[in-house]
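Undergrad: this one's structure only:
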C-alpha cells in the first residue's frame, strides 16, 4: 500500500493565504463586535436617562398633586355645576340662598 503524500510546495502558499484570510476575518469580527458592544452600552445609558427623567417628572407630578387643595366654597354667590355628558350641565345650589 502506498502512503498518500501531500504536495508540499503548492499547499504551503494556500495555507499561508488561508491563515491570513482567517486573521483578517477575525479582526473584522472583533471590530463588528466592538461596534455592537458600544451601541448596546449607549442604548442602556439612554434607557437609564429616560427612566430617570420619567421618575423625576412623576415625583414632581405627585408633589404638585399633594400641594393642590380644593378651595372652600366660602363665597355664597358660587354655585356648583357638573357635566352630565356632552354639552349638558346640572347646577346645584342656585335656588338656595344663605
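TA: Arrived safely. On a predicted model such as this, the values are computed, not experimentally measured, just so you know.
Undergrad: count of residues packed around residue 68?
TA: Residues lying near residue 68 (other CB atoms under 10 Å) number 8. The C-beta positions use only the backbone N, C-alpha and C, and glycine is treated the same way.
Undergrad: report how many residues lie close to residue 79.
TA: As a burial measure, residue 79 scores 13 neighbours (other CB under 10 Å).
Undergrad: so what's it scoring on pLDDT?
TA: Confidence at residue 79, expressed as pLDDT, is 75.
Undergrad: gap between it and residue 89?
TA: 11 Å (CB to CB, to the nearest Å).
Undergrad: show me the strands in the chain, by range?
TA: 80-85, 88-92 (DSSP state E).
Undergrad: want to throw the ones you listed into a markdown table with mean neighbour count?
TA: What follows is these, written out as a markdown table (neighbours: other CB atoms under 10 Å):
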| stretch | mean neighbour count |
| --- | --- |
| strand 80-85 | 9 |
| strand 88-92 | 9 |
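Undergrad: export these as CSV, with columns for distance to residue 51.
TA: Listed next are the strands of the chain as CSV, based on distance: least, CB to CB, whole Å:
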stretch, distance to residue 51
strand 80-85, 37
strand 88-92, 42
